[in-house]
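Peer 1: Dropping the sequence and predicted coords here.
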Amino acid sequence: MKGLKTTSLLLSGLFLLGSCGNMNNTTKGGLLGAGGGAALGAIIGGIAGDGKGAAIGAAIGTAVGAGAGVIIGKKMDKAAEAARQVEGAQVEQITDANGLQAVKVTFESGILFNTSSSALSASAQSSLSQFANNVLKPNSTMDISIKGYTDNQGWKNSTAEQSAQKNITLSQQRAQSVSTYLLNCGVSSSQIKSVEGLGESNPVASNATKEGQAQNRRVEVYMYASQKMIQEAEAGR
């Protein structure tokens, strides 16, 4: 019976997502909020986040009502539009573990770092300053998660296993560099919920080409509703 209920929730979540392709976050927020709650939200978030959705979304135990979903959706739409104005930022809108819309901002390695380095370039600092001041600080009730990645290229005089571990370390250092710089720009430490390096896992392009490798060397910042933001939305704010 438990398995049947889970399957039903999964199918319901997929139907909602599949039928909302042309809707903005305001509309989706109402639909997903209306069908929300921890179980459905965690399932949808898991699919959207390659199995890691539960680590992205906030307030897992909260059932989010339709009205709150609409309010949060509007805020996410506005934040996404502001993020699109940041030089070098690629913006996607995804679903978090509550079934609410979240904003994913990707900064490519070519913009952020030199090869094998975690030091931010001058242009990267400019982009992150814009991101901090124009997006994160005006949306201080949105939590963020920072994830770093690399391509799968090996390190000199290292085995494949050693190279993979070094790539994890490098991706962690890059994610931490982004986090530190955002904090130095005045972003609250309480807003940054996780900083994680995932190395060469979860490639977004083929590592068989230089172009694909460049896309895989990246830092992703997820913006999602905090517990406070959900509470304010439930109160109509």
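Peer 2: Received, thanks.
Peer 1: CA only for contacts and neighbour counts going forward, please
Peer 2: Noted.
Peer 1: Give me the contact list for the longest helix that the chain contains.
Peer 2: Ranked by residue count under DSSP state H, the longest helix found in the chain is helix 160-184. If you take Cα atoms under 8 Å, 6 or more residues apart in numbering as the criterion, helix 160-184 is touched by 116-120, 125, 128-129, 132, 146-155, 189, 192, 195-200, 219.
Peer 1: Inside helices: which ones of those?
Peer 2: Going by DSSP H, the helices hold 125, 128-129 from the contacts of helix 160-184.
Peer 1: which of those residues has the most neighbours?
Peer 2: Using other Cα atoms under 10 Å as the neighbour criterion, residue 128 leads those with 25 neighbours.
Peer 1: what pLDDT does that one get?
Peer 2: The model reports residue 128 with a pLDDT of 95.
Peer 1: show me where this structure has strands.
Peer 2: In the chain, the strands defined using DSSP state E lie at 89-95, 101-108, 142-149, 192-197, 218-225.
Peer 1: can you redo those strands as JSON lines with mean neighbour count, distance to residue 69 and mean pLDDT?
Peer 2: Shown next, in JSON lines, are those (neighbours: other Cα atoms under 10 Å; distance: least, Cα to Cα, whole Å; pLDDT from 0 to 100):
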{"stretch": "strand 89-95", "mean neighbour count": "19", "distance to residue 69": "12", "mean pLDDT": "91"}
{"stretch": "strand 101-108", "mean neighbour count": "24", "distance to residue 69": "9", "mean pLDDT": "89"}
{"stretch": "strand 142-149", "mean neighbour count": "26", "distance to residue 69": "14", "mean pLDDT": "92"}
{"stretch": "strand 192-197", "mean neighbour count": "18", "distance to residue 69": "22", "mean pLDDT": "93"}
{"stretch": "strand 218-225", "mean neighbour count": "26", "distance to residue 69": "10", "mean pLDDT": "92"}
